[in-house]
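Visitor: sequence and predicted structure are below.
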Amino acid sequence: MKLHEYQSKQIFAKYGVPIPKGRVAATAIEAGEIAAELGGRVVIKSQVLVGGRGKAGGIRLAKNPRETEELAAQILSMEIKGLPVRKVLIDEAAQIDKEIYFGITNDRAARKPVMMASAAGGVDIEEVARVTPEKIIKVHIDPLLGLHDYQTWDIAAGIDLPRDHWRAFGQIAHGLWNAYVACDATLAEINPLVITADNRLLGVDGKMVIDDNALFRHPDLVEMRDLDVEAPSEIEARKYGLTYIKLDGNIGCMVNGAGLAMTTMDIIKLFGGEPANFLDIGGGASADKVSAALRIILSDPSVKAVLLNVFGGITRGDEVARGILSALNDVKTGVPMVIRLVGTNAEEGRQILADAEMITAETLVQAAQKAVAAAKTN
Ligand code: GDP
Ligand code: MN
């Protein structure tokens, strides 16, 4: 789960990272009021969960509250990389002498978090990473030992940070590391960390990504989730307790059990097809859940055929069949459905489906072949 800049910076501040004074606004008028409170020049920053807002015109400087209001109105009516801007952060404008990149992420290959910094920070850091990766200093952190002071000095020296900033930099490094650990983050990033004209270090931009698998122990972070940026189908799936991941192919899959779902995807590929999604309806799926699952699969316009592979253990075949029919009642579709149903009450289920003129299959191989063929001709 990605956090917005203002949320990330608030967390960083709690851990001792200096950030500009500021507040978030949902309307231009509010933005103007915040600018008046802050006094002086402000920066108006679109809060959208994509990078490169600056280059897209989503970050503007304003001299006074009136100008803030005007620019905030403009930014609040923008879409950046397809995402609507619903909030703007109004921060005291920083006078920037130098922009540093500073971040922590997991290095899976090293099986450790890695702290990274670069003197070439700011909006072109991706380009720096691609063209001159040696300009990015990396230090691995042993998760059991934590961050040591000497490591922060190594980084400070590596980016040629003037000596008088080392103490402040060390505090920021520890703050970022503590925030990263405490929030179960997979990314904590300050880009840019700036040296201001009056010679202070200041975190001007912030970004955090939280490990979804750890969200159960962070109810406060879950509340920060921005539903605007998630695919509506994935939000809907979560509501029904379905595990749904959209993929690039054209054969929709509805399966019970993650292992069986993966097997089904493999077999589709074996016969030359491409799955459009991973979807696990789980055990004991009710007609309701099946119906929701089917609606979600069919909401993807690239789906040309659907393969339902249900092994009835706890999940009863007749329940599944009724769910399919009720879903097809809601969502009228011409997309062919291939159904393989085995296990508890499979007979009853198959009968219900046969009466409704659906394509049934005895084995998974047959089902996959039929689905691939149906997707090709549809
Ligand atoms: P991003 O484009 O989404 O990464 O947004 P940032 O918050 O990093 O802002 C992009 C760029 O705008 C920064 O690298 C700075 O050059 C500039 N910028 C951001 N905030 C300020 C500010 O307070 N004052 C000044 N002068 N420039 C800023
Ligand atoms: Mn940035």
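Guide: Nice, thanks for sending it over. Ligands and ions are numbered 1, 2, ... in the order given.

Visitor: tell me where the stretch 201-350 of the chain has helices.
Guide: Assignment of helices within the stretch 201-350 of the chain using DSSP state H, counting those that start in this stretch yields the ranges 219-222, 232-239, 258-270, 287-298, 317-330, 346-355.

Visitor: wait, residue 312 touches residue 345, no?
Guide: Yes: using CB atoms under 8 Å, residue 312 is in contact with residue 345, at 6.1 Å. Heads up, the C-betas are built off the backbone N, CA and C, glycines and all.

Visitor: mind checking how far the closest residue to residue 291 other than its chain neighbours is from residue 356?
Guide: Take residue 291 and drop its neighbours on the chain: the residue closest to it by CB to CB, 6 or more residues apart in numbering is residue 327, 3.8 Å away. Residue 327 sits 12 Å away from residue 356, going by CB to CB, to the nearest Å.

Visitor: low-confidence regions, this protein specifically.
Guide: For the chain, the stretches with pLDDT under 70 are 230, 284-285.

Visitor: now with 80?
Guide: Scanning the chain for pLDDT under 80 picks out 82, 227-232, 283-288, 312-315, 330-332, 357, 378.

Visitor: how is it divided into domains?
Guide: Using automatic domain parsing, the domain ranges for the chain come out as 21-92, 96-222, 232-377.

Visitor: is the shortest one in proximity to ligand 1?
Guide: Spelled out, it's domain 21-92. Yes: Domain 21-92 comes into contact with ligand 1 (CB under 6 Å from any ligand atom), by way of 43, 45, 51, 52, 53, 54, 59, 91.

Visitor: what sits closest to residue 120 if chain neighbours are left out?
Guide: Residue 120's closest residue in space is residue 128 (CB to CB, 6+ apart), at 4.7 Å.

Visitor: need the contact partners of the helix or strand hosting the one you found.
Guide: Using DSSP states H and E, residue 128 sits within helix 125-131. Residues from elsewhere that reach helix 125-131 (CB atoms under 8 Å, 6 or more residues apart in numbering): 51, 101, 118, 120, 135, 136, 191.

Visitor: still on that earlier bit, would you format the domains of the chain as JSON lines with mean neighbour count included?
Guide: Compiled in JSON lines, the domains of the chain are given as follows (neighbours: other CB atoms under 10 Å):
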{"stretch": "domain 21-92", "mean neighbour count": "19"}
{"stretch": "domain 96-222", "mean neighbour count": "17"}
{"stretch": "domain 232-377", "mean neighbour count": "19"}
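
Visitor: which one of the ones you listed lies nearest to residue 10?
Guide: Nearest to residue 10, of all the domains of the chain, is domain 96-222, at 8.5 Å by CB to CB.

Visitor: residues contacting whatever residue of the stretch 151-300 of the chain ends up closest to ligand 2?
Guide: Nearest residue of the stretch 151-300 of the chain to ligand 2 (CB to the ion) works out as residue 205 at 3.5 Å. With contact taken as CB under 8 Å, 6+ apart, residue 205 is in contact with 5, 9, 190, 191, 192.
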